[in-house]
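**Q** no letters, just coordinates:
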């Protein structure tokens, strides 16, 4: 049964937005804010709305591998600096530049019409964090008084400490007030008390009323008061399960339904194919970068037409095919960066134009921003995804072949789509509308169709 609790209200702007995740270490050879700032016009040319900048705060450089994460050790790169193990929350890591470089990055993004959110890592800190000696109660302690380390072998922050809470609330205010950032993605959101995030949002809204909060969780409490968007792990995993592992297309419908029923009514989910975790190939992550162009297009089109917030990852828009290790930088395995030369190739130009088409479609069609989702029955539920996004005066129909095989299928109820519906985008598909209201499709592998009908 669907959850009847209501999620917090979200602005129309945010509902219609597109997010670009920028991970500095793999974005340019230099891996700096200055180098990334030079490429902001490229991101702006996509017409994305929000840049999500992965952690820029000072990482802990403790070389003791006992306090490195398992993935950090498994990378064998020898880099002590894990971006998700913070030493100083109030300064920019010199690896990326200076606080002034960050301010210039944000100012430039704003001039180009984009917002910027930073990454907050508050569940844990680095073993030599600047406050551990001066404020020993800022971290959790074992019965013997030693620091309690969490699942990634980092000290866990102690939210029972009112002084720690105040320190971090001021940190949330600091980057908004002093650097004009527009909000945050909150790492391991569900491991931090909900009332902490709620008070943090209240304080930030006093500075910037339309601050944005993205929760790295599918925690129902997260979107009640503090956060605008839920990460949507279930969805991104299910996309891989269907398009790569060959689970039936109906599996995505099941997962969409489960997410809807678990979360408060109106929850906005992030819709992504890749992110900094997924693209990191350490042997155990067989999904990393996805090479098949038609598969990528079909899955990406799904993310841009289903309800939620579409998300573009670091070079995805030029068909980047390089591995991205989050532990690699210019000093440790520096070759793991976006292959920007692809932007001038046929495949890169094609992918860039595809993303521009999808983002324009997302911005231009109200039903894709605000419309309800209705799944359509077909005679090939294992292969075909078919659904509508509907408002009072618009109906958008989406059909996607999730397989690498030719498909003939019938959507059993498409009577609301007439012959004069406008084709927004299509690939590898022919269709006919029958007298009984059904829609017969002939589809190449990974074919898709988006139709829009306005009343």
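**A** Perfect, I can see it now. The model shown is predicted, which means the values in this text are computed figures rather than measured ones. Numbers count the residues shown, from 1 in each chain.

**Q** specify the beta-bridge partners of the residue nearest to residue 218 when sequence neighbours are not counted.
**A** Of all residues not flanking residue 218 in the chain, residue 230 sits nearest, at 5.6 Å (CB to CB, 6 or more residues apart in numbering). In this view, the C-beta of every residue, glycine as well, is placed from N, C-alpha and C. With DSSP bridges as the criterion, residue 230 is bridged to residue 215, residue 269.

**Q** and residue 230, how close does it get to residue 408?
**A** From residue 230 across to residue 408, the span is 37 Å (CB to CB, to the nearest Å).

**Q** the more surrounded of these two?
**A** Remark: of residue 230 and residue 408, residue 230 carries more neighbours, 29 against 13, as counted by other CB atoms under 10 Å.

**Q** ok, that one - contacts?
**A** Listed by CB atoms under 8 Å, 6 or more residues apart in numbering, the contact partners of residue 230 are 215, 217-219, 222-223, 263, 267-270.

**Q** list the contacts for the closest residue in space to residue 84 that isn't next to it in sequence?
**A** Take residue 84 and drop its neighbours on the chain: the residue closest to it by CB to CB, 6+ apart is residue 121, 5.2 Å away. With contacts defined as CB under 8 Å, 6+ apart, residue 121 is in contact with 55, 57, 84-86, 187-188.

**Q** quick check, nearest of these to residue 5?
**A** Closest to residue 5 out of those is residue 188 (22.8 Å), distances taken as CB to CB.

**Q** which residue is the nearest non-sequential neighbour of that closest one?
**A** Closest to residue 188 by CB to CB, 6+ apart is residue 123, at 4.1 Å.

**Q** same deal with residue 361?
**A** residue 424 (5.6 Å).

**Q** what's the offset of the host helix or strand of the one you found from the middle of its chain?
**A** Under the criterion of DSSP states H and E, residue 424 resides in strand 422-433. Offset of strand 422-433 from its chain centre (CA atoms, centre = their mean, to the nearest Å): 29 Å.

**Q** and residue 53, what are its bridge partners?
**A** For residue 53, the beta-bridge partners are residue 22 (DSSP bridges).

**Q** quick check, it in contact with residue 19.
**A** No - counting by CB atoms under 8 Å, residue 53 does not reach residue 19; the two are 10.9 Å apart.

**Q** may I see the buried residues of stretch 203-212?
**A** Within stretch 203-212, the residues that qualify as buried are 203-204, 211-212, counting by 16 or more other CB atoms under 10 Å.

**Q** got a winner among the contacts of residue 230 for most neighbours?
**A** residue 222 (30 neighbours).

**Q** which ones are touching that one?
**A** 189-190, 194, 197, 215, 230.

**Q** name the element the spatially most central residue of the chain belongs to?
**A** Nearest to the mean C-alpha position of the chain, by CA atoms, centre = their mean, lies residue 311 at 4.8 Å. Per DSSP H and E, residue 311 falls inside strand 309-313.

**Q** what's next to that strand, contact-wise?
**A** Strand 309-313 is contacted by residues 14-15, 17-21, 46, 48, 229, 268-276, 278-279, 303-304, 355, 358-359, 362 when judged by CB under 8 Å, 6+ apart.

**Q** that one pairs with which strands, parallel or anti?
**A** Here strand 309-313 is paired, per DSSP bridges, with strand 19-22 (parallel), strand 268-271 (parallel).

**Q** out of these, nearest to residue 318?
**A** Among these, strand 19-22 comes nearest to residue 318, with 12.3 Å by CB to CB.

**Q** and the closest residue to residue 294 other than its chain neighbours, what helix or strand is that in?
**A** Using CB to CB, 6+ apart and skipping residues adjacent in sequence, the residue nearest residue 294 is residue 446, 4.0 Å away. Here residue 446 sits within strand 439-454, counting by DSSP H and E.

**Q** check residue 291 too.
**A** Residue-wise, residue 291 maps onto no helix or strand under DSSP H and E.

**Q** if I look at it, how far off is residue 26?
**A** From residue 291 over to residue 26 the distance is 17 Å, taken as CB to CB.

**Q** more neighbours, those two?
**A** Counted by other CB under 10 Å, residue 291 and residue 26 do not tie: residue 26 has more neighbours, with 26 against 9.

**Q** sorry, back to before: report pLDDT for the residue nearest to residue 84.
**A** If you check residue 121, the pLDDT there is 98.

**Q** how near is it to residue 273?
**A** Distance of residue 121 to residue 273, given as CB to CB: 24 Å.

**Q** surely residue 389 is in contact with residue 376?
**A** No - shown here, residue 389 and residue 376 do not form a contact pair, counting by CB under 8 Å, at 11.5 Å.

**Q** tell me which of these two has more neighbours.
**A** residue 389 (24 against 18).

**Q** need the three-state assignment for that one.
**A** Assigned with DSSP: H, G, I helix; E, B strand; the rest coil, residue 389 falls in the strand class.

**Q** now it, which residues is it bridged with?
**A** Under the criterion used (DSSP bridges), residue 389 bridges to residue 373, residue 396.

**Q** tell me how far it lies from residue 446.
**A** Taking CB to CB, one finds residue 389 at 21 Å from residue 446.

**Q** before we move on, what about residue 106?
**A** Relative to residue 446, and taking CB to CB, residue 106 is found at 38 Å.
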